[in-house]
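K.L.:
just to be clear, the model below is a prediction. Sequence and coordinates:
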2 protein chains.
Amino acid sequence: MKKTALALTAAVLACAAHAAKPAKSAADVLKDSPAADWRGLDPDNTLLMDLAAGQVIIELAPRFAPAHAANIRALAHGGYWDGLAIVRVQDNFVTQWGDPDGDDAAKARQLPAGAMPKLPAEFSVPLDRVGKAAGFTKLADVDGWAPRAGHAEGFPVAADPKSGRAWLAHCYGMVGAGRGDTVDSSNGTELYVVIGHAPRGLDLNITVVGRVLKGMELLSALPRGTGAMGFYDKPEQRTGIQRVRLLADVPAAERPALQVLKTDSATWQQLLDARRFRGGWYVHSPGHVDICSAGVPTRPIP
Amino acid sequence: MKKTALALTAAVLACAAHAAKPAKSAADVLKDSPAADWRGLDPDNTLLMDLAAGQVIIELAPRFAPAHAANIRALAHGGYWDGLAIVRVQDNFVTQWGDPDGDDAAKARQLPAGAMPKLPAEFSVPLDRVGKAAGFTKLADVDGWAPRAGHAEGFPVAADPKSGRAWLAHCYGMVGAGRGDTVDSSNGTELYVVIGHAPRGLDLNITVVGRVLKGMELLSALPRGTGAMGFYDKPEQRTGIQRVRLLADVPAAERPALQVLKTDSATWQQLLDARRFRGGWYVHSPGHVDICSAGVPTRPIP
């Protein structure tokens, strides 16, 4: 077994040992990064989802989906998802969770105080909302799906200067709000996360609300559903959700000690370069990176 | 629970119900496809990997990696992988299998007759080998990783007319041969499959040997390894491989009744259009497709 084989990984930290760049490796970039290039979790925009197998940490994106973020906050505060389930896992696409009885008015989980049953669609925002204030950093690399692509506040962002709109891109680990046939039929009660190759064709068709910061492997390695669109055929195939809490409601001692790299930092630009230009095990450098292959790292608070 | 939510999927057949295109939906394209646009499995270039959970079908790409394909044929014919194991699952990257004792000369599985211990690196081939003969169909859509991209014989292919080279792209489901630090250190005994967002940075750095036609969910939903680079820490975490056979060695009655869509067919071009221009649930069409988001469909023989 070649332990050195295929050293590079999408998780920058894990790949670091072998992704040495002639100038500076991703490992060294992170090792040498100043503390000021990292930030903590925002208590009002972080969800902790407890499964039997472990904890998933999700960061909300209120700049891109303010109404959904507010509703999701209210839903978590009111314990809406506690005891509900992961109902769908479709290979190379999404894992989805919510109320298995949501379609049955008699059995459906009631919305807690402050949560709205109906929200506007939030598929995109004015481009000027994602400017300097959000620390938007444009990628020089071409993106086939949008005229402009980059990162803001840790999220992959696409934009079109012509239409003056910007939106979150469906990259691995991004979380969205499931909707029905009408654009304004999502309210955040049913959420999905991308577990395969970026389904960028979904961009601008649905409201994206955030991304998974930690625990993706708890959502990506679940058995695929064999029903239509990956829904589980039988209730016993579902994975139960123990609870979902807003970080602000969690006692300080239980809060995860996690930091996120700032995407408007010099460290982030160096990491992108470490992806574009490889060293070590690599004999060829693509000279390119795409918004979905460049995952924003997290780390335990040093 | 919104059963209509997020109807589109990377698996064209599964998504069909909701991917209605104004002109023609992917479902209708496949339904109306002439029998001549489909082909059967090539007995000399198809592997059947039996796991306890089911069967994985892999198609080799001898045009792109002739020496590796020949060796993998000999390895399968000689029962090399029978009783070996899946040793590594790294989230959003690869699942890898081979001989857990491969690094220990005393315990390592011996190569069967006809299998070579050493092969040349086969990272790319002359572009003229991937021309009309291979039915190469170029995508009009931009690809950030290579000057040219498209499909040949069912595989995603990238190319550079300047260097005159073509190579298989690391898309979801593509299978490669693990190597060590030297470019010619793979011999096909250790194989990996891409289970996450296309790690195109691997292109031109390692020999790609084929793709999974069926059974991806058996390789993508395995527990992630918690050791370095996703290797399993403990032997009991591994998934055993019951056997891997070359289709030519399998009795006719046991051969899977599967067909693959020809990528030099009119049906394939219509499917790409159905991905570029959406209807039904979709309110926005990207007008774009990338080689890794366009999976080549398979179907049971009608």
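P.N.:
Yep, that arrived.
K.L.:
and A:Ala208, backbone torsions?
P.N.:
Just so we're on the same page, residue A:208 is Val rather than Ala. Note on A:Val208: its backbone torsions stand at phi -100, psi 130 [degrees, to the nearest 10].
K.L.:
for A:Leu218, that is, sorry about that
P.N.:
phi -80, psi -20.
K.L.:
could I get the pLDDT score of whichever residue of the stretch 101-250 of chain A sits closest to chain B?
P.N.:
The stretch 101-250 of chain A approaches chain B most closely through A:Gly178 (3.3 Å), counting by Cβ to the nearest Cβ. C-beta: built from backbone N, CA, C; applies to glycine. pLDDT for A:Gly178: 98.
K.L.:
which residue ranges form the helices in the stretch 51-200 of chain A?
P.N.:
A:66-77 (DSSP state H, counting those that start in this stretch).
K.L.:
contact residues of it facing chain B?
P.N.:
Contacts of the stretch 51-200 of chain A with chain B, taken as Cβ under 8 Å from any Cβ of the partner chain, map to A:87, A:89-94, A:96, A:98-103, A:123, A:141-145, A:171-173, A:176, A:178-181, A:183, A:185-186, A:190, A:192, A:196-200.
K.L.:
which among these end up buried?
P.N.:
A:87, A:89-94, A:96, A:98-100, A:102, A:123, A:141, A:143-145, A:171-173, A:176, A:178-180, A:183, A:185-186, A:190, A:192, A:196-200 (16 or more other Cβ atoms under 10 Å in any protein chain shown).
K.L.:
restricted to strands, list those residues.
P.N.:
Secondary structure from DSSP state E places A:87, A:89-90, A:94, A:96, A:98, A:176, A:192 of those in strands.
K.L.:
for the stretch 201-302 of chain A, which residues are neighbours of chain B?
P.N.:
Going by Cβ under 8 Å from any Cβ, the residues of the stretch 201-302 of chain A near chain B are A:201-206, A:216-217, A:220-224, A:228-231, A:275, A:278, A:281-284, A:286, A:288-290, A:292-293, A:295.
K.L.:
just the buried ones from those?
P.N.:
Buried among these (16+ other Cβ under 10 Å): A:201-206, A:216-217, A:220-222, A:224, A:229-231, A:275, A:278, A:281-282, A:284, A:286, A:288-290, A:292-293, A:295.
K.L.:
just the ones of the residues you listed in helices?
P.N.:
A:216-217, A:220, A:275 (DSSP state H).
K.L.:
would you mark the buried spots in stretch A:252-264?
P.N.:
A:256, A:258-264.
K.L.:
quick one: average confidence on it?
P.N.:
97.
K.L.:
what's the spacing between A:Trp81 and A:His170?
P.N.:
22 Å (Cβ to Cβ, to the nearest Å).
K.L.:
next: A:Leu30.
P.N.:
26 Å.
K.L.:
the more surrounded of the two?
P.N.:
A:His170 (26 against 20; other Cβ atoms under 10 Å in any protein chain shown).
K.L.:
A:Glu236: how many residues sit nearby?
P.N.:
So A:Glu236, with other Cβ under 10 Å, has 6 neighbours.
K.L.:
repeat for A:Leu272
P.N.:
21.
K.L.:
same question, A:Ile301
P.N.:
The tally of other residues near A:Ile301 (other Cβ under 10 Å) stands at 11.
K.L.:
surely it and A:Ala257 touch.
P.N.:
Yes: under the criterion of Cβ atoms under 8 Å, A:Ile301 makes contact with A:Ala257 at 4.3 Å.
K.L.:
which residues does the spatially closest residue to A:His284 that is not a sequence neighbour contact?
P.N.:
Leaving aside its sequence neighbours, A:His284 sits nearest to B:Leu204 (Cβ to Cβ, 6 or more residues apart in numbering or on different chains; 4.0 Å). Counting by Cβ atoms under 8 Å, 6 or more residues apart in numbering or on different chains, B:Leu204 makes contact with A:283-284, B:123-124, B:167.
K.L.:
ok, the nearest residue to A:Lys107 once chain neighbours are set aside to A:Ala85 distance?
P.N.:
Leaving aside its chain neighbours, A:Lys107 sits nearest to A:Asp101 (3.8 Å; criterion: Cβ to Cβ, 6+ apart). To A:Ala85, A:Asp101 is 10 Å away according to Cβ to Cβ.
K.L.:
so what sits against both of the two?
P.N.:
By Cβ under 8 Å, 6+ apart, no residue touches both A:Asp101 and A:Ala85.
K.L.:
shouldn't A:Val29 be within a helix?
P.N.:
Yes: under DSSP: H, G, I helix; E, B strand; the rest coil, A:Val29 sits within a helix.
K.L.:
from A:Ala166, how far out is it?
P.N.:
For A:Val29, the distance to A:Ala166 - Cβ to Cβ - is 27 Å.
K.L.:
for A:Ala16, give me the pLDDT.
P.N.:
34.
K.L.:
any low-confidence regions in chain A?
P.N.:
For chain A, applying pLDDT under 70 flags the ranges A:1-23, A:132.
K.L.:
please redo it, this time with the cut-off set to 50
P.N.:
By pLDDT under 50, the low-scoring segments of chain A are A:1-21.
K.L.:
which ones are touching the nearest residue to A:Ala70 once chain neighbours are set aside?
P.N.:
Once flanking residues are discounted, A:Ala70 sits nearest to A:Pro62: 7.4 Å by Cβ to Cβ, 6+ apart. Applying Cβ under 8 Å, 6+ apart, we find A:Pro62 in contact with A:45, A:69-70.
K.L.:
how about the residues you listed in TSV, adding neighbour count?
P.N.:
Formatted as TSV, the contacts of A:Pro62 follow (neighbours: other Cβ atoms under 10 Å in any protein chain shown):
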residue	neighbour count
A:Asn45	20
A:Ala69	21
A:Ala70	18
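K.L.:
any chance of the backbone angles for the residue nearest the centre of chain A?
P.N.:
By Cα atoms, centre = their mean, chain A has its centre lying nearest to A:Arg211, at 1.8 Å. Backbone torsions of A:Arg211, given as degrees, to the nearest 10, read phi -150, psi 160.
K.L.:
kindly state the beta-bridge partners for it.
P.N.:
A:Arg211 forms beta bridges with A:Glu59, A:Met174, as assigned by DSSP bridges.
K.L.:
was I right to think it contacts A:Gly176?
P.N.:
No: A:Arg211 is beyond contact range of A:Gly176, at 9.9 Å (criterion: Cβ under 8 Å).
K.L.:
fine, thanks again, bye for now.
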